[in-house]
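Student: model this:
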Amino acid sequence: MVATNARKIPHIRNMARFNQRVDFGELNQGENRRPTDIDGYIEWKNKAHIFIEVKLLNTELPHGQRLALERLATDCSHSGKYAIVIVAEHTILTPDITIMSEHCVVRKVYQAKSGIGSWVQIEPVTLKQAVDKTIKYCDA
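Tutor: The predicted structure follows:
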């Protein structure tokens, strides 16, 4: 996997704000209920919702995050649009090195259409290949 800490990322307007942390600690709703995050989201031409989650190699989605992503994709698909959650992984152990998302390897996907969704294993592809394939499917 390719990583860098020197590359200027042109699509990020303010790198300092991009790297700024947000503490959601006080929004905890008791027991183990607290806000989750989504690493990436693409809305494609009013046809599809693509949710992206990137994890360190062999790190599973926490139960609550998995449920939230499943429910979000399934709910979005009730509109008649395709929705997919792509879970990819990286091997970058050093936090100050940028993870090049296009090179991350997809571990599994959750596909939802018309309010019905399921997790599926796919052959190893990069995150870029999975996103491109999803877009091509939606444009067909």
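Student: For the top helix by length along the chain, which residues meet the burial criterion?
Tutor: Counting by DSSP state H, the longest helix found in the chain is helix 63-77. Within helix 63-77, the residues that qualify as buried are Gln65, Arg66, Ala68, Leu69, Glu70, Leu72, Ala73, Thr74, Cys76, Ser77, counting by 16 or more other Cβ atoms under 10 Å. C-beta here means a position set from N, CA and C on the backbone, and glycine is covered the same way.
Student: Stretch 132-140 now?
Tutor: Counting neighbours by 16+ other Cβ under 10 Å, stretch 132-140 gives Thr134, Ile135, Cys138 as buried.
Student: Looking at those, which are in strands?
Tutor: Among the buried residues of stretch 132-140, the subset assigned to strands under DSSP state E is empty.
Student: which of those residues lies closest to Asp96?
Tutor: Nearest to Asp96 among the buried residues of stretch 132-140: Thr134, at 30.8 Å, using Cβ to Cβ.
Student: Could you verify my assumption that the closest one touches Ile52?
Tutor: No: using Cβ atoms under 8 Å, Thr134 is not in contact with Ile52, being 10.4 Å away.
Student: what touches both of these two?
Tutor: Residues within reach of Thr134 and of Ile52 at once, by Cβ atoms under 8 Å, 6 or more residues apart in numbering, are Ile86.
Student: Which parts of this protein are helices?
Tutor: 15-18, 63-77, 127-139.
Student: and of these, who's closest to Leu57?
Tutor: helix 127-139 (13.7 Å).
Student: Quick check: the gap between the residue most central in space within the chain and Phe24.
Tutor: Residue closest to the mean C-alpha point of the chain, counted by Cα atoms, centre = their mean, is Ile52 at 1.4 Å. To Phe24, Ile52 is 20 Å away according to Cβ to Cβ, to the nearest Å.
Student: still on that earlier bit, a markdown table for the helices of the chain, including mean pLDDT and distance to Thr91?
Tutor: Below are the helices of the chain laid out as a markdown table (pLDDT from 0 to 100; distance: least, Cβ to Cβ, whole Å):
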| stretch | mean pLDDT | distance to Thr91 |
| --- | --- | --- |
| helix 15-18 | 82 | 22 |
| helix 63-77 | 96 | 21 |
| helix 127-139 | 96 | 13 |
